[in-house]
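Student: missing the sequence, but the structure's below:
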């Protein structure tokens, strides 16, 4: 678990280990989500970067008869 400090300008530095693991780069946009009593940062990825991210997903799921 990592701990960060909020600056006087309300800025937060994302630790290098987290940036590397999440492949976050300078200038990249993050979506901010409020969930219950926490804040979540979601990296915004282009469609091109998302290609193949569900590779291997099981597609033979039971469906309703009218679908």
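Tutor: Done, it's in. Given the structure is predicted, the values throughout are model-derived calculations rather than measurements. Residues are numbered from 1 along each chain as shown.
Student: mind listing what the residue most central in space within the chain touches?
Tutor: Centroid check for the chain by C-alpha atoms, centre = their mean gives residue 42 as the closest residue, at 3.0 Å. Residues near residue 42 by C-beta atoms under 8 Å, 6 or more residues apart in numbering: 30, 31, 32, 33. Heads up, the C-betas are built off the backbone N, CA and C, glycines and all.
Student: now swap in residue 28 and tell me
Tutor: Contacts of residue 28 (C-beta under 8 Å, 6+ apart): 43, 44.
Student: Residue 53 too?
Tutor: With contact set as C-beta under 8 Å, 6+ apart, residue 53 has no partners.
Student: Any figure for the gap between it and residue 47?
Tutor: Distance of residue 53 to residue 47, given as C-beta to C-beta, to the nearest Å: 11 Å.
Student: do residue 16 as well
Tutor: 28 Å.
Student: so what does the helix-or-strand element of the chain with minimal mean pLDDT touch, helix or strand wise?
Tutor: The weakest-scoring helix or strand in the chain, judged by mean pLDDT, DSSP states H and E, is helix 47-50 (a mean of 77). For helix 47-50, there is no helix or strand it packs on, judged by 3 or more C-beta pairs under 8 Å, 6 or more residues apart in numbering; DSSP states H and E.
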